[in-house]
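Colleague: kindly generate the corresponding structure for this input.
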Amino acid sequence: MFRGVTALSLDAKGRLVIPSRYRDRLQVCCAGQLIVTVDTDRCLLMYPLPDWEQIERRLAALPNLDTQTRRLQRLLIGHATECEMDGNGRILLPQPLREFAMLDKQVMMIGQGSKFELWDQGRWNEHREDWLAADMDGRSLPIDLGSLSL
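Modeller: Coordinates of the predicted model:
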């Protein structure tokens with residue numbers, strides 16, 4: 001499980017240093033082989049390769065005559081890019097993906113269990129404040145979350 005929020009910097013070449021606390025786990029679970037793709041929230045998703053392959057198979061198996069399914073397949077599968085951690089724990093984020101997520105210099109890496117989200121720091125802060133201000137009194141939560149106790 002990948003947890004936590006980490007502020008990182010992109011270097012001039014678009015490389016991102018993976019925090020050391022995740023490197024060993026990523027070496028064990030995927031030998032540093034990662035997939036980075038886009039998300040509809042205009043952030044990037046970063047998966048260990050084996051986890052991504054399961055998702056990709058499920059996405060590819062969906063009926064692509066459905067317009068929304070085809071759009072999602074185009075976005076997620078079409079933008080999926082292999083990124084390998086180098087000996088210094090860095091990955092190179094391709095320019096088209098950085099442009100999509102509007103990543104410049106300051107990046108937030110958000111652990112989401114089996115994957116990470118990569119956000120421009122300013123956009124992350126704005127969205128986080130919006131989410132905190134949203135109606136979270138329980139009326140708008142899905143039924144499955146109604147019994148969750150934190």
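
Colleague: on the pLDDT front, check the spatially most central residue of the chain for me.
Modeller: Geometric centre of the chain, nearest residue: L45, 1.9 Å, by Cα atoms, centre = their mean. Note for L45: predicted pLDDT of 98.

Colleague: same deal with P142?
Modeller: pLDDT, P142: 70.

Colleague: name the SS class of I77, please.
Modeller: Following DSSP: H, G, I helix; E, B strand; the rest coil, we place I77 in the helix state.

Colleague: wait, it sits on L59?
Modeller: Yes: the pair I77 / L59 is scored as a contact, 5.9 Å apart, by Cβ atoms under 8 Å. To be clear about C-beta, it is placed using only N, CA and C from the backbone, and glycine gets the same treatment.

Colleague: show the backbone phi and psi for the residue nearest to the centre of the chain.
Modeller: phi -110, psi 130 (degrees, to the nearest 10).

Colleague: ok, now P63?
Modeller: Backbone torsions of P63, given as degrees, to the nearest 10, read phi -70, psi 110.

Colleague: kindly provide the distance from the closest residue in space to L118 that isn't next to it in sequence to N64.
Modeller: Nearest residue to L118, sequence neighbours excluded (Cβ to Cβ, 6 or more residues apart in numbering): L44, at 4.1 Å. Shown here: L44 relative to N64, a distance of 24 Å by Cβ to Cβ, to the nearest Å.
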